[in-house]
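# just coords:
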């Protein structure tokens, strides 16, 4: 390929089109941000050394996992900058892959322009007569309100391709799309999701732009919520209220994942903390379809730290709040937690800890998954290399089918067919204390 566009491409596609207006022009195309291409030594030699990072070669990475890890840390750090200016160069054979810096986050006006284009809101005609399309049925009556995620979860690629900084649509643009959804012939009054990569990051950004310009953190929430982050959820509350006022909208659900560590963070500002408490109550009262989906992902502090997720204590607090709000509003709703087994660094003891914690909270898990390596994530780097690329600490991962199955069955500790196997695993580990906690009559 002559040119690769990476990330979200609205701005880049227009720049490429302008560069090609008078025919193919490699010189112009290679000046564009957020593209990659192959070049020779003479081209790379002319690049400004102060604005260029030479990565380990492809061949080095194949033979040395530490080199691969070092490349990852550079790429992740650069992709999380607000205004990156560095070109990345990776040798491969006698050529070089050149990756120009990404664009800055789209403005609200640019994002509105993209979302306000006259889309068909329909599957491609080639699918006609071929039955339902599950992915389309899931999103047909949903509305995307922003782009990007500053959560920085180690197993997630969203920040790699959408960016750490949030680009939000205007309220007017979102409400126009709500009207388009209401006009659809088979719309029956339910918007299935009013959200984004993380449902509650709409219009949230740093208080002091200059601090964000210097920031290299992969997550604004881990290990603690950044003091410069304005966590005020008032924009979301206003938006939800506007949508609920539409007489054609009977239900408006938030189906995207909610970062409860963001909405529950105690800022010390009484006004903002009150707004954020109101946000959680509003979602539970008006925007849950009977099942409130959140993603604690694990219970072990060791695993959660590697995942860049908050302590399980916060999920316990969320569960208590959820139950209190349901009782207050006379609602009969469930909280549905998502969990992952076999994440790098997760041991069988960690899975037993998860089983015990979910037992104590009276959960019988449904929404679970086994870790799947995903390109461009920290977790996959740890899984592949066997160490943490930043600290170089050794990280063990369950990789074989047998190892992964042994972790996964702890989700279903309550099923008779797994009881003897789980007891056998913990007995071999000499952890009869965990067996007693898991299979005692208390909280059965």
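It's in. Note that the structure is a prediction, hence the values are computed from the model and not measured. Numbering: from 1, shown residues only.
# pull up the per-residue confidence for the nearest residue in space to residue 168 that is not next to it in sequence.
Spatially, and ignoring its direct neighbours in sequence, residue 168 is nearest to residue 146 (4.3 Å; Cβ to Cβ, 6 or more residues apart in numbering). Backbone N, C-alpha and C define where each C-beta goes, glycine included. Turning to residue 146, the model gives it a pLDDT of 97.
# equivalent analysis for residue 76, please.
95.
# what is the neighbour count of it?
Number of residues near residue 76 (other Cβ atoms under 10 Å) recorded here: 21.
# point out where the stretch 201-350 of the chain drops to low pLDDT.
Counting by pLDDT under 70, the stretch 201-350 of the chain contains no low-confidence residues.
# now the helices for it?
Under the criterion DSSP state H, counting those that start in this stretch, the stretch 201-350 of the chain carries helices at the ranges 209-214, 234-245, 260-263, 270-286, 301-307, 312-329, 348-360.
# so which of these is nearest residue 154?
Among the helices of the stretch 201-350 of the chain, helix 301-307 comes nearest to residue 154, with 5.4 Å by Cβ to Cβ.
# low-confidence regions, the stretch 51-200 of the chain specifically.
In the stretch 51-200 of the chain, no residues with pLDDT under 70.
# which residue is the nearest non-sequential neighbour of residue 301?
Nearest one to residue 301, counting by Cβ to Cβ, 6+ apart, is residue 311 at 6.1 Å.
# so the one you found makes contact with residue 305?
No: using Cβ atoms under 8 Å, residue 311 is not in contact with residue 305; the gap is 9.0 Å.
# list the residues that contact residue 295.
With contacts defined as Cβ atoms under 8 Å, 6 or more residues apart in numbering, residue 295 is in contact with 257, 337, 338.
# most neighbours among those, which one?
Ranked by neighbours (other Cβ under 10 Å), these are led by residue 337, which has 22 neighbours.
# which residues pair with that one across the strands?
residue 294 (DSSP bridges).
# do you know how far it is from residue 144?
Taking Cβ to Cβ, to the nearest Å as the measure, residue 337 falls 24 Å from residue 144.
# ditto for residue 125
Distance from residue 125 to residue 144, by Cβ to Cβ: 23 Å.
# so between those two, which is more surrounded?
A count of neighbours by other Cβ under 10 Å puts residue 144 above the other of residue 125 and residue 144, at 17 against 8.
# dump the residue contacts of that one.
For residue 144, counting by Cβ under 8 Å, 6+ apart, the contacting residues are 115, 169, 195, 196.
# and these as a markdown table, adding distance to residue 345, secondary structure and neighbour count?
Output for the contacts of residue 144, formatted as a markdown table (distance: Cβ to Cβ, whole Å; DSSP: H, G, I helix; E, B strand; the rest coil; neighbours: other Cβ atoms under 10 Å):
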| residue | distance to residue 345 | secondary structure | neighbour count |
| --- | --- | --- | --- |
| 115 | 39 | helix | 19 |
| 169 | 37 | coil | 27 |
| 195 | 30 | strand | 23 |
| 196 | 29 | coil | 24 |
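# residue 89: which element?
strand 87-92 (DSSP states H and E).
# list the buried ones in that strand?
Going by neighbour count (16 or more other Cβ atoms under 10 Å), the buried part of strand 87-92 is 87, 88, 89, 90, 91.
# report the beta-bridge partners for the second one.
Looking back up the chat, that one is residue 88. In beta-bridge terms (that is, DSSP bridges), residue 88 pairs with residue 53, residue 99.
# OK, contacts around the nearest residue to residue 197 once chain neighbours are set aside?
Among residues not flanking residue 197 along the chain, residue 149 sits closest, at 4.3 Å (Cβ to Cβ, 6+ apart). Contact analysis of residue 149 by Cβ under 8 Å, 6+ apart lists 156, 158, 159, 162, 164, 166, 196, 197, 198, 201.
# and the fifth one, how far is that from residue 112?
The spacing between residue 164 and residue 112, counted by Cβ to Cβ, is 21 Å.
# now for residue 24: which residues touch it?
residue 2.
# meant to ask about residue 217
80, 152, 226.
# again, but for residue 54
Residue 54 sits next to 89, 90, 91 when contact means Cβ under 8 Å, 6+ apart.
# could you dump the residues you listed to CSV with distance to residue 55?
Below are these laid out as CSV (distance: Cβ to Cβ, whole Å):
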residue, distance to residue 55
89, 7
90, 4
91, 8
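# re the thing from before, the residue nearest to residue 197 falls within a strand, correct?
No: Residue 149 is assigned coil when assessed by DSSP: H, G, I helix; E, B strand; the rest coil, not a strand.
# quick check: phi and psi at it.
phi -160, psi 130 (degrees, to the nearest 10).
# returning to what we had before: can you lay out the helices of the stretch 201-350 of the chain as a markdown table showing mean neighbour count and distance to residue 184?
Below are the helices of the stretch 201-350 of the chain laid out as a markdown table (neighbours: other Cβ atoms under 10 Å; distance: least, Cβ to Cβ, whole Å):
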| stretch | mean neighbour count | distance to residue 184 |
| --- | --- | --- |
| helix 209-214 | 12 | 39 |
| helix 234-245 | 16 | 16 |
| helix 260-263 | 22 | 31 |
| helix 270-286 | 17 | 22 |
| helix 301-307 | 20 | 38 |
| helix 312-329 | 16 | 31 |
| helix 348-360 | 21 | 39 |
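# closest one to residue 52 among those helices?
Per Cβ to Cβ, nearest to residue 52 of those: helix 209-214, 20.5 Å.
# so what touches the closest one?
82, 83, 165, 205, 206, 228.
# check the offset of stretch 430-438 from the chain's centre.
34 Å (Cα atoms, centre = their mean, to the nearest Å).
# one more: stretch 198-210?
15 Å.
# now swap in stretch 285-303 and tell me
For stretch 285-303, the distance to the chain centre is 14 Å (Cα atoms, centre = their mean).
# endpoints of it, how far apart?
For stretch 285-303, the separation between the terminal residues is 32 Å (Cα to Cα, to the nearest Å).
# repeat for stretch 327-341
32 Å.
# residues making contact with it?
155, 257, 284-285, 288, 290-298, 307, 315, 318-319, 322, 325-326, 351, 354, 358, 363, 365-371, 398, 404, 407-408, 410-411.
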